[in-house]
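# generate coordinates for the sequence data below:
(4 chains)
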There are 2 protein chains.
Amino acid sequence: MSHGDNGEVTSSNVFADEPDLASLAALLADGTRAAFCLALLDGRSWTAAELARLAGVVPSTATSHLNRLVAGGLLAEERRGRHRYVRLADPNIAEMIEALAARAPRRPVPIRSLTAARRHRAVGFARVCYDHLGGSLAVAMTDAMGERGLIAWEHGPVLTPSGTAWMRDIGITGDTAGTAPRPHVRTCLDWTEQRLHLAGAVAAALFRHAREQAWFVAGEGSRVVRLTERGRHALRQYLSLPDEALDTS
Amino acid sequence: MSHGDNGEVTSSNVFADEPDLASLAALLADGTRAAFCLALLDGRSWTAAELARLAGVVPSTATSHLNRLVAGGLLAEERRGRHRYVRLADPNIAEMIEALAARAPRRPVPIRSLTAARRHRAVGFARVCYDHLGGSLAVAMTDAMGERGLIAWEHGPVLTPSGTAWMRDIGITGDTAGTAPRPHVRTCLDWTEQRLHLAGAVAAALFRHAREQAWFVAGEGSRVVRLTERGRHALRQYLSLPDEALDTS
DNA sequence: GTGACACTTCGACGCTCGCCGAAGTGTCGG
DNA sequence: CCGACACTTCGGCGAGCGTCGAAGTGTCAC
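Reported below is the predicted structural model:
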């Protein structure tokens, strides 16, 4: 390797690294893979068979899609026994998918059954948005936090000092300082509401706490969470949320 | 339309609007269209022929790609005489493309000529990032603004009161309050530096001012801007930037 | 062991899509 | 008017890709 190919290197041994936008977009440009990624936005790990059934393809098709998504760095996998568990590789990827989904055109999907209608209402009310809360309840909480001065909107969202104290009062063991170079307070364009709700490390810590305290429990459908009576009480106490914000209706 | 199809509406006349992620991603999943969008990140309007030449396709091919991008809402077009000018539809779209590009894999592109090498250095130093500045200079400016307390990083980037005063001193006629629901201060992951630089309405206003004051002039290549002597002076004066940050090297 | 199960590999089919070239439309300059 | 030019439309070609089914590998439960 030391004698070179022609005895002399050409001038093209310098490279400019351009982003290969097309190959990344191609990973999401297929309906089946997009459905996988959208489902995985619930933050859970799914098995290959679960995803296949969701998207309506046979297992072998799912395998090839998962191979591509893992190779492309969008998904992380974990093999256990005869199962292959996959999840979104990191919050950064989830954020990127959200950024696309929020700007994507809407595709009307007919609702066939009564349980589907109920689930649709529940999804609009409170759902997992990877690691934080989404839906009309999340928008109401974000508004309330703004009104009470817990977050400020001077130039982008900020957690105010009283907001920091509020989190401590609730009992959130503030490791929201985090490790990764990740914004503490972000906003996320809510799909159903088309308004901003809170995201980022602070929102993730808040949501984690809320689930640990059983303010929310898993509902029907992978992304749905149900607000418990205990959660209603907490949101009334800590955010003075009105009753109409606390119900599906 | 009032008598219904079967005398009774079915339960599927209710629709849940799911985001059609795949169709949006498909627009960017082609190398030619991706090259178009990346080029348009310079914020200018391009003609169809310019884009075709850049991507190495014949005009008829460019037409069909542009049709799809315009129909998909990514590009806005303006017909004038026998020319078709296209640009990114709005800053929101630019932000989305940046979000993807920052996470896309890098594709090594050989640098063949000396002028290409010079342009490559210039791109890494100072370039247009749709409506604000990118490159190592932008990163240095962002760092300097942090050190001088003009922006704070308590929880996400914020323009501090002294930052607001600093902008006024420079002479920026602060309509950064803007009209669209757009974050005033954002960060943007720099392609070449892999570090954050300032974006959002504040950065756009700053960059617009800088070009009006001839701190920057257009360089060779569509996205390159060249720092003028006047600009060097201004950045020394307003941000105390050291000389090594002000040169291409 | 033996069967059930989750997943993988491979080959074949069919469709989509990007590409070009040739011909056509509209615009501008002289 | 007439040619040059920018762009568009259309037809046809070829490659890539998503799909499935059939057969194979590894794991778990009994």
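
# domain ranges for chain A, per the record?
A:21-103, A:114-246 (automatic domain parsing).

# now render those as JSON lines, adding mean neighbour count.
(Each C-beta comes from the backbone N, C-alpha and C, glycine too.) Output for those, formatted as JSON lines (neighbours: other CB atoms under 10 Å in any protein chain shown):
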{"stretch": "domain A:21-103", "mean neighbour count": "18"}
{"stretch": "domain A:114-246", "mean neighbour count": "18"}
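
# mean pLDDT lowest where, among those?
Between these, the lowest average pLDDT goes to domain A:114-246, which shows a mean of 84.

# okay, how far is it across that one, tip to tip?
Using CA to CA, to the nearest Å, the end-to-end distance of domain A:114-246 comes out at 22 Å.

# I figured residue A:54 hits residue A:39, correct?
Yes - in this structure, residue A:54 is within contact of residue A:39 by CB atoms under 8 Å, at 5.7 Å.

# quick check: neighbours shared by the two?
Common contacts of residue A:54 and residue A:39 (CB atoms under 8 Å, 6 or more residues apart in numbering or on different chains): none found.

# got the phi/psi numbers for the closest residue in space to residue A:79 that isn't next to it in sequence?
The shortest distance from residue A:79 to any non-neighbouring residue, by CB to CB, 6 or more residues apart in numbering or on different chains, is to residue A:85 (7.6 Å). Residue A:85 adopts backbone torsions of phi -100, psi 130, taken as degrees, to the nearest 10.

# which residue packs closest to the most centrally placed residue in chain A, ignoring adjacent ones?
In chain A, the C-alpha nearest the mean C-alpha coordinate belongs to residue A:130, at 2.4 Å (CA atoms, centre = their mean). In space, and not counting its chain neighbours, residue A:130 is closest to residue A:94: 3.9 Å by CB to CB, 6+ apart.

# show me what the one helix or strand that neighbour maps to is packed against.
Assignment of secondary structure by DSSP states H and E places residue A:94 within helix A:91-103. Counting contacts by 3 or more CB pairs under 8 Å, 6 or more residues apart in numbering or on different chains; DSSP states H and E, helix A:91-103 packs against helix A:31-40, strand A:186-189, helix B:21-28, helix B:91-103.

# and the first one with DNA strand C, contact?
No - in this structure, helix A:31-40 remains apart from DNA strand C according to CB under 7 Å from any atom of the strand; the gap is never smaller than 10.3 Å.

# and residue A:50, how far from residue B:73?
Residue A:50 sits 33 Å away from residue B:73, going by CB to CB, to the nearest Å.

# oh, I was asking about residue A:34
18 Å.

# same question for residue A:48.
From residue A:48 to residue B:73 the distance is 34 Å (CB to CB).

# near DNA strand C, which residues of chain A? Just list them.
A:47-49, A:52, A:59-60, A:62-64, A:66-67, A:82-84.

# next, format those as CSV and append secondary structure.
Shown next, in CSV, are the residues of chain A next to DNA strand C (DSSP: H, G, I helix; E, B strand; the rest coil):
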residue, secondary structure
A:47, strand
A:48, helix
A:49, helix
A:52, helix
A:59, helix
A:60, helix
A:62, helix
A:63, helix
A:64, helix
A:66, helix
A:67, helix
A:82, coil
A:83, strand
A:84, strand
